[in-house]
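Chemist: sequence? don't have it. structure:
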């Protein structure tokens with residue numbers, strides 16, 4: 001519980017509607033009126049997760065105290081910083097470029113980057129880690145001081161985001177031995193990277209554990225942890241049941257079926273077209289693969305499954321009410337799986353595709369889909385239509 005200005009934007013949700021925003025735009029942060037506000041949800045995350053937002057808000061604060069401007073500056077800085085990380089991740093990833101671009105342009109991805117949410121930098125950091133490790137592995141780069149420094153920096157970034165995504169940092173184990181000077185250096189640097197991951201992720205979890213008691217709407221987490229350890233089979237059943245019943249909702253939310261505070265419903269036909277475009281781009285990328293990399297595929301699948309398990313378990317311990325803890329997991333949202341999506345897609349792209357798409361009449365090879373640019377233009381149009389849904393929801397008639 002900390003004091004914040006009484007007229008700070010996040011406390012007055014109605015100011016998000018365009019009409020009221022326009023009529024109340026000149027709203028400077030109050031220096032006299034204050035309220036006690038529980039910021040525990042934000043306190044759970046490492047300060048690294050807010051680096052871009054802080055830069056934007058801090059820069060705008062040099063010129064004005066308008067709370068709308070400060071929030072907007074933080075959001076602009078967040079989308080610019082995270083998009084820059086994604087740009088270099090896409091530039092250097094050896095395969096799956098268009099698929100990662102497509103994932104980055106999903107309505108839910110765009111919403112996260114255009115907000116103050118820590119999900120934006122989490123998605124960008126996971127994609128950057130994946131890109132770096134696959135690039136070094138695929139190109140067989142000899143790692144010098146610059147590459148090693150970048151490896152440790154990306155490991156620190158991923159480990160400092162939401163703790164459930166720390167398995168992404170272990171992708172450094174995919175870097176081949178020949179990328180290091182010798183076997184001893186390989187073991188030392190990989191061990192140091194893994195240790196860095198454990199220390200940063202679990203170290204921050206220990207710090208944030210002081211605040212977890214205020215967020216456990218589900219009751220005693222220790223009691224539920226004992227249940228998992230004593231009845232692992234039952235817990236696996238709960239996991240399976242939850243994903244089986246909610247898979248449609250989770251996939252839809254991951255794409256952007258519900259935006260805002262999950263109260264802006266997007267037209268289902270737009271989501272259908274997004275799915276069609278995704279599979280077109282996926283098979284287009286699949287055609288390009290000639291050399292399979294099964295160890296990398298297996299490792300990416302294992303990393304993705306581990307992250308999904310950690311996401312579900314964290315929500316089970318923290319948010320699932322004790323009365324429902326023996327049959328369901330509560331609080332799962334599709335956006336939590338966006339950082340996992342590039343791992344799953346690239347895992348299946350790194351295997352060889354021997355199938356040939358042929359015309360029924362002549363047997364000639366045909367492209368599975370048109371150019372990636374044309375498909376992304378279609379997604380751009382779809383995003384404009386999604387934006388119309390958002391504007392329609394936010395409209396205000398005085």
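Modeler: All right, it came through fine. In this text, all values refer to a predicted model and were calculated from it rather than measured experimentally.
Chemist: Okay, helices next: where are they in the stretch 1-150 of the chain?
Modeler: Under the criterion DSSP state H, counting those that start in this stretch, the stretch 1-150 of the chain contains helices at 18-23, 40-43, 51-61, 67-92, 97-104, 107-113, 119-139, 145-160.
Chemist: and these as JSON lines, adding distance to residue 347?
Modeler: To be clear about C-beta, it is placed using only N, CA and C from the backbone, and glycine gets the same treatment. Shown next, in JSON lines, are these (distance: least, CB to CB, whole Å):
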{"stretch": "helix 18-23", "distance to residue 347": "42"}
{"stretch": "helix 40-43", "distance to residue 347": "32"}
{"stretch": "helix 51-61", "distance to residue 347": "29"}
{"stretch": "helix 67-92", "distance to residue 347": "16"}
{"stretch": "helix 97-104", "distance to residue 347": "11"}
{"stretch": "helix 107-113", "distance to residue 347": "19"}
{"stretch": "helix 119-139", "distance to residue 347": "10"}
{"stretch": "helix 145-160", "distance to residue 347": "17"}
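Chemist: among those, which is the most enclosed?
Modeler: When you average the neighbours per residue for each of these (mean count of other CB atoms under 10 Å), helix 119-139 leads with a mean of 24.
Chemist: on contacts alone, who are the packing partners of that one?
Modeler: With contacts taken as 3 or more CB pairs under 8 Å, 6 or more residues apart in numbering; DSSP states H and E, helix 119-139 sits against helix 67-92, helix 97-104, helix 107-113, helix 145-160, helix 294-318, helix 341-349.
Chemist: which helices and strands does the longest one pack with?
Modeler: Applying 3+ CB pairs under 8 Å, 6+ apart, we find helix 67-92 packed against helix 51-61, helix 97-104, helix 107-113, helix 119-139.
Chemist: lowest-confidence helix or strand of the protein?
Modeler: When each helix and strand of the chain is scored by mean pLDDT, DSSP states H and E, helix 18-23 comes last, with a mean of 66.
Chemist: wait, residue 38 sits on residue 1?
Modeler: Yes - Residue 38 is within contact range of residue 1, at 5.6 Å (criterion: CB atoms under 8 Å).
Chemist: re the thing from before, right, so of the helices of the stretch 1-150 of the chain, which gets closest to residue 349?
Modeler: helix 97-104 (6.8 Å; CB to CB).
Chemist: how big is the angle separating the closest one from helix 341-349?
Modeler: Angle, helix 97-104 to helix 341-349, by axes from the mean of the first three to the mean of the last three CA atoms, to 10 degrees: 150 degrees.
Chemist: Residue 142 contacts residue 177, doesn't it?
Modeler: No - Residue 142 is beyond contact range of residue 177, at 11.4 Å (criterion: CB under 8 Å).
Chemist: Could you report the pLDDT at residue 87?
Modeler: We have a pLDDT of 95 for residue 87.
Chemist: Could you report the distance from it to residue 167?
Modeler: Counting by CB to CB, to the nearest Å, the separation of residue 87 from residue 167 is 24 Å.
Chemist: same thing with residue 210?
Modeler: Per CB to CB, residue 210 is found 24 Å from residue 167.
Chemist: got it, and residue 262?
Modeler: As judged by CB to CB, residue 262 and residue 167 stand 27 Å apart.
Chemist: quick one: which of the two has more around it?
Modeler: residue 167 (22 against 12; other CB atoms under 10 Å).
Chemist: Now do the contacts for the more buried one.
Modeler: Each residue near residue 167 by CB atoms under 8 Å, 6 or more residues apart in numbering is listed here: 303, 306, 307, 310.
Chemist: neighbour-wise, which of those leads?
Modeler: residue 303 (25 neighbours).
Chemist: Just give the nearest non-adjacent residue to it, would you?
Modeler: If the residues on either side of it in the chain are set aside, residue 303 comes closest to residue 167, at 4.8 Å by CB to CB, 6 or more residues apart in numbering.
Chemist: Next, find the distance separating that neighbour from residue 119.
Modeler: Here residue 167 is placed at a distance of 17 Å from residue 119 (CB to CB).
Chemist: which residue packs closest to residue 37, ignoring adjacent ones?
Modeler: Nearest to residue 37 is residue 4, by CB to CB, 6+ apart, at 4.7 Å.
Chemist: Now do residue 220, the pLDDT please.
Modeler: 74.
Chemist: Can you tell me how far the closest residue to residue 80 other than its chain neighbours is from residue 165?
Modeler: Among residues not flanking residue 80 along the chain, residue 52 sits closest, at 7.4 Å (CB to CB, 6+ apart). From residue 52 over to residue 165 the distance is 18 Å, taken as CB to CB.
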